[in-house]
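# model this:
(2 chains)
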Number of protein chains: 2
Amino acid sequence: KFTHWLGKERISTLLFIPTLGILIALMGILCDFLLMELGTLRDFVTSRHNSHVIPTDGTTPTPNSSIADKYDLVEGIVFVGYSVFFALISVCCISFISPYAVGSGIPEMKSIMSGINLSRVLGFKTLVSKIVGMVCASAAGLTIGRTGPFMHASAIISQMLMNLKVFGAIKKNQIVRYQMLICALTSGVVANFGAPIGGLLFAIEVTATTAVMGNLWKGFLCATTTAIIFFLSRSTFSKGNFHSVYEFEFVPKEYGVADLITFVGIGIITGLIGAFFVFIYEKLVRFRLRYPILKQSRIILVLVVSLFSAIITYSAGPLCRVSLPTAMKQFLGQNEPKPFLFEQDQTPYYKYLNLLVFIVVKLILTAFNIVLPIPGGAITPFIVTGAALGRLFGEILKDHFDSQAIEPAGFAAIASAGLVSGTIRNISPSIFVLELTGQLSLLVPILICSITSTAVGNFFNRPLFDTALKIQG
Amino acid sequence: KFTHWLGKERISTLLFIPTLGILIALMGILCDFLLMELGTLRDFVTSRHNSHVIPTDGTTPTPNSSIADKYDLVEGIVFVGYSVFFALISVCCISFISPYAVGSGIPEMKSIMSGINLSRVLGFKTLVSKIVGMVCASAAGLTIGRTGPFMHASAIISQMLMNLKVFGAIKKNQIVRYQMLICALTSGVVANFGAPIGGLLFAIEVTATTAVMGNLWKGFLCATTTAIIFFLSRSTFSKGNFHSVYEFEFVPKEYGVADLITFVGIGIITGLIGAFFVFIYEKLVRFRLRYPILKQSRIILVLVVSLFSAIITYSAGPLCRVSLPTAMKQFLGQNEPKPFLFEQDQTPYYKYLNLLVFIVVKLILTAFNIVLPIPGGAITPFIVTGAALGRLFGEILKDHFDSQAIEPAGFAAIASAGLVSGTIRNISPSIFVLELTGQLSLLVPILICSITSTAVGNFFNRPLFDTALKIQG
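Residues are numbered from 1 along each chain as shown, chains lettered A, B, ... in the order given. Got it, this is the predicted structure:
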């Protein structure tokens, strides 16, 4: 009787979606847990004297004000060694487990949803390679994101779940299969950002070639299941059930037409940066493909690039050394001075310089790191770098002009959405940023900025993922 | 040279979308203005002595505590007469201008997007009939919404704009035409609720038969243009640029697993009510179609039903007499006692009774009013009735159990989303409710409740709009 019920596609779908959502959430928790442990390990290894501990949570830092305190040769060497070691593990996953796990996986998802059969891309080996490689690459401190890899891994989980005999009814129906893949992509975003609405929109946008959702009900069900586990697990690891991921105490004031022009301005700036980034990215990928030695000897390439990345990261100062989520917390935090961002006894120009260094270093590192043959996405780096850009803009405005309706932290959220839209030319990731802040008060500014930067970016070149697909052929 | 540029589809689309967004926003402002004036007129007509003024904004009401103060025969007769008069104007629009303007228009939009050619539904006469009819029906105090009519009217505006010679390039391309219709539907929602994300999701859901958006960029551009005008106009008419539509001072506390079960419970309750409502609706429509006299003599039908509706509305007390948005403001407001909702010198049971009467009266009136041959949607009545239901639930919980993570106003938002999902079985209108509150803190509860109520509702019968389409054949 039970198997007969399961044979009905409707019933098995209803069972399939929450199972999928829970599995994806567990995957996210596993990755978070591993990264937390590896972060502790790094702190333990690098901290010779306790005053040099880089706190992973950013709550109780030691003020490092003098140059001698900030840089330390032995610490630096250990830092670089640790980075290179994990970067090598990451590339080994690609070389020895599955080469299909490389990159963000979003272009591959686009191909699959447009009907191209890439069964190996959705294989178990790819899943292992993707998760292990991504965790190691993040632990290595490379400037890569987890959004794309999470989406790819989720799609694989969905595919594997479909292969179970219990869910045979789903596998037979091609449309339901695609729907389940979209559900999985949505949950992948939720497991990373806790952003169900943005996640569903992004999954629809990415897979738009065959939009087969019909009713969004299934997508939301899967997203909500993941979101529940995601937020519950956060309360175990840190504080706050069902809070927004970042503390965002921005009290919205009224903004008028003049402010709208500012948002368009930020959109133009971030759009130009985004277009320039895509240009550089294309050049880098083409450069790598031109020389067979760079194409074949993956491990040496990763060794060299991760070595330089780690050296640059270390020498760029404490702000650049922290993980991307920690940095994001700084930019969206309202109460300054924050530990790494602003030091009390410094002039405002130090603050600007610190942010400017972060922006430039992270943009360059992102360009070099996302072309590496390791699993890693581009969305999170853009979100964080954009936030730094907005924070810089906001701080300058605040210091030199008096009355601003938007606080610097608010500008950080706006420019964050702008930069990510300027490169990948989708609006939905800006909804992630909105959901990260837990408030809707910035919806209109964020939409204005994202739309402008998408338009500006599209004027110059194609979106990042389309460029990647075009180069791969 | 200029006409050559316009001939390019891309350029003309870029010009078309903001124009469309602005026009739709202006339509919304026009309707708001007319309704405000008609509300003032009603206050002027009904208030013989000043103490009986029903404030339209709910800010400075007079306490009406005794029964003699609340009911007044002359006032009642004027109230009913005013209602019937405007209801008759509304039905005359249908009878003498265009019969295609009847109802919400969402089923018609579904048909058009699935490729059925209904050119008269998108004609200018229908637009006039829809807007005038809808404004009059709202002014008459009938329990109908504006979401569907706004979406329909927006689609007509888009169609008319396409017929202009300047935008000839758009009309030629069928896919772009559909995209522009989706943009218009999105903006229609924004002009009503100021909810761009929910609007776009709803437009996609409603028109899912041919999801041709590709990139959501166009939809967001149109929605944002409308949102800017919408929020700017609000600051002219009332206070607060770019604030959420309703004041919602709900401070989110942490909620745990036990609360999640409560949300599922609300979802089940609202889903059952929703299913029951659809059942009653179907019976009513079939009853009306069975008797030729009810089918043909539209005006007498509207006369009778609006007469009874107005009498019931008047006798149900002050809370039922206010407009739907004003009532919504009461349910989402945190600071009680609010004027109509709770009177200070009464027992809590009076409060429950007041809410219960509102819920029952509005559900019955919604069922009778949306089957009338007048323009009017169903979404807003469900949102408001659901809010009353949640408020009742929340108040009971608050009075009888001590520690609640969610305030009564929060439960109002959750049940509001639940009831609208329980009847029309789409998740996106619950995003409207979320956007109305201006906060994302209730996202997970609202999604849980909506998904549950959609599932429960779908178990019993088909969605409201599908039922409407099925009956029409």
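# surely A:L185 meets A:M109?
Yes - counting by C-beta atoms under 8 Å, A:L185 does reach A:M109; the two are 6.5 Å apart. Placement of C-beta: from N, CA and C, glycine included.
# Between these two, point out the one with more neighbours.
Applying other C-beta atoms under 10 Å in any protein chain shown to A:L185 and A:M109 shows that A:L185 carries more neighbours, namely 31 against 27.
# Between A:L185 and A:M109, which contacts overlap?
With contacts defined as C-beta atoms under 8 Å, 6 or more residues apart in numbering or on different chains, the residues adjacent to both A:L185 and A:M109 are A:M151, A:A155, A:V206, A:T207.
# For the residues you listed, which single residue is the most surrounded?
Tallying neighbours with other C-beta under 10 Å puts A:M151 at the head of these, with 31 neighbours.
# quick one: contacts of stretch A:353-368?
A:142-144, A:273, A:277, A:280-281, A:284, A:305, A:308-309, A:312-313, A:316-317, A:319-320, A:327, A:340-342, A:378, A:381-382, A:384-385, A:388-389, A:391-392, A:395.
# Go through those and flag which are in helices.
A:273, A:277, A:280-281, A:284, A:305, A:308-309, A:312-313, A:319-320, A:327, A:381-382, A:384-385, A:388-389, A:391-392, A:395 (DSSP state H).
# are any of the residues you listed buried, and which?
Among those, those scoring as buried are A:273, A:277, A:280-281, A:305, A:309, A:312-313, A:319-320, A:327, A:381-382, A:384-385, A:388-389, A:391-392, A:395 (criterion: 16 or more other C-beta atoms under 10 Å in any protein chain shown).
# for chain A, what helix or strand is lowest in average pLDDT?
helix A:67-70 (a mean of 54; mean pLDDT, DSSP states H and E).
# which parts of the next helix or strand after it are buried?
For helix A:67-70, the following helix or strand on the C-terminal side (DSSP states H and E) is helix A:73-92. Of the residues in helix A:73-92, A:75, A:78-80, A:82-84, A:86-92 count as buried by neighbour count, 16+ other C-beta under 10 Å.
# before we move on, back to that, tell me which of the shared contacts of A:L185 and A:M109 has the lowest pLDDT.
Taken together, the shared contacts of A:L185 and A:M109 show their lowest pLDDT at A:T207, with 73.
# Packing partners of the one helix or strand A:T226 maps to?
In the assignment (DSSP H and E), A:T226 maps to helix A:217-237. In this structure, helix A:217-237 packs against helix A:9-46, helix A:174-193, helix A:196-206, helix B:443-460, with contacts taken as 3 or more C-beta pairs under 8 Å, 6 or more residues apart in numbering or on different chains; DSSP states H and E.
# quick one: A:T423 from chain B, how far?
14 Å (C-beta to the nearest C-beta, to the nearest Å).
# now do A:L142
30 Å.
# right, and that residue touches A:G376 too?
Yes - if you go by C-beta under 8 Å, A:L142 and A:G376 touch, sitting 6.6 Å apart.
# Quickly list what's touching both of the two.
A:N369.
# Distance from the chain centre to stretch A:313-321, please.
On the basis of C-alpha atoms, centre = their mean, to the nearest Å, stretch A:313-321 sits 19 Å off its chain's mean C-alpha point.
# mean confidence score for that stretch?
82.
# what about it, how long is it end to end?
With C-alpha to C-alpha, to the nearest Å as the measure, stretch A:313-321 spans 6 Å from end to end.
# Same question for stretch A:422-430.
10 Å.
# picking that back up, and the buried residues of helix A:73-92, which is closest to chain B?
Comparing the buried residues of helix A:73-92 against chain B with C-beta to the nearest C-beta places A:S90 closest, at 32.2 Å.
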